[in-house]
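[1] just need the structure, nothing else, for what follows:
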Amino acid sequence: MPRQFKIIVEKHTDGYVAYPLGLKGVVVGEGDTYEEALADVKSAIQFHIETFSPEVLPDDSLVLEAFIAEATLPV
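    Sure thing, here's the model as predicted:
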């Protein structure tokens with residue numbers, strides 16, 4: 001059964017990085033273009049689920065929206 005994921009794609013000076021929201025564990029994709037990073041993270045998500053079982057899928061509380069926020073910390 002197909003499952004939908006919300007995926008963040010970041011553009012950096014040396015390419016793109018993509019990662020899903022709500023998945024248990026760390027899954028990251030990268031590429032020189034937006035499309036390459038998205039394809040890479042889709043492949044990584046599939047591999048992650050096949051390797052660690054469907055238990056890595058988010059619970060019933062799905063991510064409805066995602067926001068970008070900034071925080072200043074005294075480091």
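[2] isn't there a helix covering residue 18?
    No. Going by DSSP: H, G, I helix; E, B strand; the rest coil, the assignment for residue 18 is strand, not a helix.
[3] residues contacting it?
    Going by Cβ atoms under 8 Å, 6 or more residues apart in numbering, residue 18 touches 7, 8, 9, 10, 28, 29, 30, 31, 37, 38, 40, 41. From N, CA and C alone the C-beta is placed, and that goes for glycine too.
[4] what about it, distance to residue 1?
    Distance of residue 18 to residue 1, computed by Cβ to Cβ, to the nearest Å: 23 Å.
[5] what's the answer for residue 7, then?
    Relative to residue 1, and taking Cβ to Cβ, residue 7 is found at 19 Å.
[6] compare neighbour counts for the two and give me the winner.
    residue 7 (18 against 2; other Cβ atoms under 10 Å).
[7] the more buried one contacts residue 17, correct?
    No. The criterion here is Cβ atoms under 8 Å, and residue 7 misses it with residue 17 at 10.7 Å.
[8] got the residue ranges for the strands in this structure?
    7-12, 15-20, 29-31 (DSSP state E).
[9] which among the ones you listed is found nearest to residue 62?
    Closest of the strands of the chain to residue 62 is strand 15-20, at 11.9 Å (criterion: Cβ to Cβ).
[10] what about that closest one, average pLDDT?
    Taken as a whole, strand 15-20 has a mean pLDDT of 96.
[11] strands paired with it, and their directions?
    Strand 15-20 sits in its sheet next to strand 7-12 (antiparallel), strand 29-31 (antiparallel), going by DSSP bridges.
[12] run through the helices of this structure in chain order.
    34-52 (DSSP state H).
[13] any weak-confidence spans in it?
    Under the criterion pLDDT under 70, the flagged ranges of the chain are 58-61.
[14] cutoff 90 now
    Residue ranges of the chain with pLDDT under 90: 1-6, 21-26, 48-69, 75.
[15] quick check: the nearest residue to residue 28 once chain neighbours are set aside vs residue 46, distance?
    Excluding its sequence neighbours, the residue lying closest to residue 28 (Cβ to Cβ, 6 or more residues apart in numbering) is residue 19, at 5.0 Å. Using Cβ to Cβ, we find residue 19 at a distance of 14 Å from residue 46.
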